[in-house]
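Asker: Could you look at this predicted model? Sequence included:
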Amino acid sequence: MTPLRLLPWALWLALVAFSVTTYELLPADIPQQINAAGDITRTTARTPVSWGMLPAIALFTLALTQGIGTLLPSRPELFNFPSKDKLLALPPAARAPVIAQMRIFMDITSLLMMVIMLGVQWMLWQSAQGRTSSTSSAVLLVVSFGLAPLLLVLVWRLNSATERAHAAWQASQR
C-alpha cells in the first residue's frame, strides 16, 4: 500500500481518536448542524451515535472510494470520465498507465474527503464548546471549493493518460 493510500486511513483514525477523546467533554446538547458563519442551527442530544455519526459516514465513504480504487484494474467501467470509451476499447494490458492515474484520483479524493470530515468534526467540537469561528468555516469552504479545480486537473491527467495509451496501442497495431 502506498503512503497516499494509507494517509486517508490515518486521518480517519485521527478523526475517531479525536471523537472518542472529546466525547466526555461535550455538553448534553451538541451541534448537529452549523451555518457558514459557524453558528449552531440544529442541536441533538449527546450520544455515542450522534457524536460518532460523522466518523461512521467517513468510514463508509473511505471504504467505498478505496474499494472502487481496488476494483479498478478488473472493473475500469466503474470509473466515469470523458475518455472512458477509449479506455474500455483498449486491451487490458494497455490500460495499466490509465488505471494508475485512476487510482491516484481515488486516493487523492479519499484524502481530501477525510480532511473535510476532520475539519467538520473540529468545527462541531468548537461550536459545542461555545467557540464559533467564521475563520474555520471560511477555511473549510475554501478547501471544499478548492477541490473542483484540483479534481479537474486530475481528470485532465487521466484523459491525457488515456489518449497516450490509446495512441500507443493504435501504433502497435499497425
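Answerer: Right, received. Where do you want to start? Numbering: from 1, shown residues only.
Asker: Every contact and neighbour count from this point should use C-alpha atoms.
Answerer: Fine.
Asker: average pLDDT across the longest helix seen in the chain?
Answerer: Assignment by DSSP state H gives helix 134-172 as the longest helix of the chain. Average pLDDT, helix 134-172: 86.
Asker: How many neighbouring residues does residue 145 have?
Answerer: By other Cα atoms under 10 Å, 11 other residues sit near residue 145.
Asker: And for residue 173?
Answerer: With other Cα under 10 Å as criterion, residue 173 counts 7.
Asker: Please enumerate the helices of this structure.
Answerer: Going by DSSP H, the chain shows helices at 3-23, 48-71, 84-89, 96-128, 134-172.
Asker: For the third one, list every residue counted as buried.
Answerer: Okay, so that is helix 84-89. 84, 87 (16 or more other Cα atoms under 10 Å).
Asker: what packs against it?
Answerer: helix 134-172 (3 or more Cα pairs under 8 Å, 6 or more residues apart in numbering; DSSP states H and E).
Asker: quick one: buried residues of the helix it packs on?
Answerer: 136-137, 140, 154-155, 157-159, 161-163, 165-166, 169.
Asker: want to try JSON lines for these, with distance to residue 127 as columns?
Answerer: Output for the buried residues of helix 134-172, formatted as JSON lines (distance: Cα to Cα, whole Å):
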{"residue": "136", "distance to residue 127": "11"}
{"residue": "137", "distance to residue 127": "11"}
{"residue": "140", "distance to residue 127": "14"}
{"residue": "154", "distance to residue 127": "34"}
{"residue": "155", "distance to residue 127": "36"}
{"residue": "157", "distance to residue 127": "39"}
{"residue": "158", "distance to residue 127": "40"}
{"residue": "159", "distance to residue 127": "42"}
{"residue": "161", "distance to residue 127": "45"}
{"residue": "162", "distance to residue 127": "46"}
{"residue": "163", "distance to residue 127": "48"}
{"residue": "165", "distance to residue 127": "50"}
{"residue": "166", "distance to residue 127": "52"}
{"residue": "169", "distance to residue 127": "56"}
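Asker: ok, of those, which one's closest to residue 85?
Answerer: residue 162 (9.7 Å; Cα to Cα).
Asker: got a list of what the closest one touches?
Answerer: 83, 86, 87, 95, 97, 98 (Cα atoms under 8 Å, 6 or more residues apart in numbering).
Asker: Do you know the pLDDT at the last one?
Answerer: For residue 98, the model assigns a pLDDT of 93.
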